[in-house]
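[1] pasting the structure only:
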């Protein structure tokens, strides 16, 4: 069964601090892995997309890593801002379907 | 670029009525559109996949007669929740793509509340 597991379920950080979110998957075959940011009551917005051969991809203060051998990915948020408060969803695509993680809810406090 | 809109953004209806939600790709032609449902604190669940001009493909457990999907053009797909009941209350999100599994662009979602 294709599964995507994210951890932690939620976290609270102080503004300006860094944090790392984890994603483990069992999806096979693998096409690409995506990280989305979803603000409350809004649709997901793409942060990064990585294929099998990519290990790291950045988008501003967001840096995603991928280890296709261990089927793990992480999303690192640098110098967090209040606007980073959102749910971060890991999505893994195979040849015909997307598998969604449950998301990590990040709360940034001043 | 790659903007997807949904209308309405929220809707409240009485039990037994039907509700139509529109999904539009504003600046690109979408060969495939997807409809998702999201319950509070849960991830998105795919309901159906629709290609322009053909019947939608529904996920297991999704009633095709209750959730009618029409993808009449390359920029518009509609989801009609027929005879809505309180358990249909949810956040409905569409996405659109030109290349099904390279990139999907999500709409802002529609909050449906059935009283």
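    Thanks, I have the structure now. What you are looking at is a predicted structure, and each value in this text was computed from that prediction instead of being measured.
[2] Quick check: closest non-adjacent residue to the residue in chain A that chain B sits nearest to.
    Residue nearest to chain B within chain A (C-beta to the nearest C-beta): residue A:43, separated by 3.8 Å. For every residue, glycine as well, the C-beta is placed using N, CA and C. Using C-beta to C-beta, 6 or more residues apart in numbering or on different chains and skipping residues adjacent in sequence, the residue nearest residue A:43 is residue B:106, 3.8 Å away.
[3] which secondary structure elements does the helix or strand harbouring residue A:66 contact?
    In this assignment (DSSP states H and E), residue A:66 forms part of strand A:62-67. With contacts taken as 3 or more C-beta pairs under 8 Å, 6 or more residues apart in numbering or on different chains; DSSP states H and E, strand A:62-67 sits against strand A:32-38, strand A:45-51, strand A:56-59, strand A:72-77.
[4] Go again with 10 Å.
    With contacts defined as 3 or more C-beta pairs under 10 Å, 6 or more residues apart in numbering or on different chains; DSSP states H and E, strand A:62-67 has these neighbours: strand A:19-25, strand A:32-38, strand A:45-51, strand A:56-59, strand A:72-77.
[5] among those strands, which is the most enclosed?
    Of all the helices and strands packed on strand A:62-67, strand A:32-38 carries the top mean neighbour count, a mean of 23, counting by mean count of other C-beta atoms under 10 Å in any protein chain shown.
[6] Quick check: neighbours of that one in the sheet, parallel or antiparallel?
    strand A:45-51 (antiparallel), strand A:86-93 (antiparallel) (DSSP bridges).
[7] For chain A, what lies in contact range of chain B?
    Residues of chain A found near chain B (C-beta under 10 Å from any C-beta of the partner chain) are A:4, A:6, A:9-10, A:31-32, A:34, A:36, A:38-39, A:41-46, A:49, A:51, A:87, A:89-91, A:93-103, A:105.
[8] What pLDDT does the model give residue 59?
    You didn't pick a chain, so chain A it is. Residue A:59 carries a pLDDT value of 96.
[9] sorry, should have said chain B
    93.
[10] That one and residue A:97 touch, don't they?
    Yes - counting by C-beta atoms under 10 Å, residue B:59 sits close enough to residue A:97 to count as a contact (9.5 Å).
[11] Alright, that wraps it up for me.
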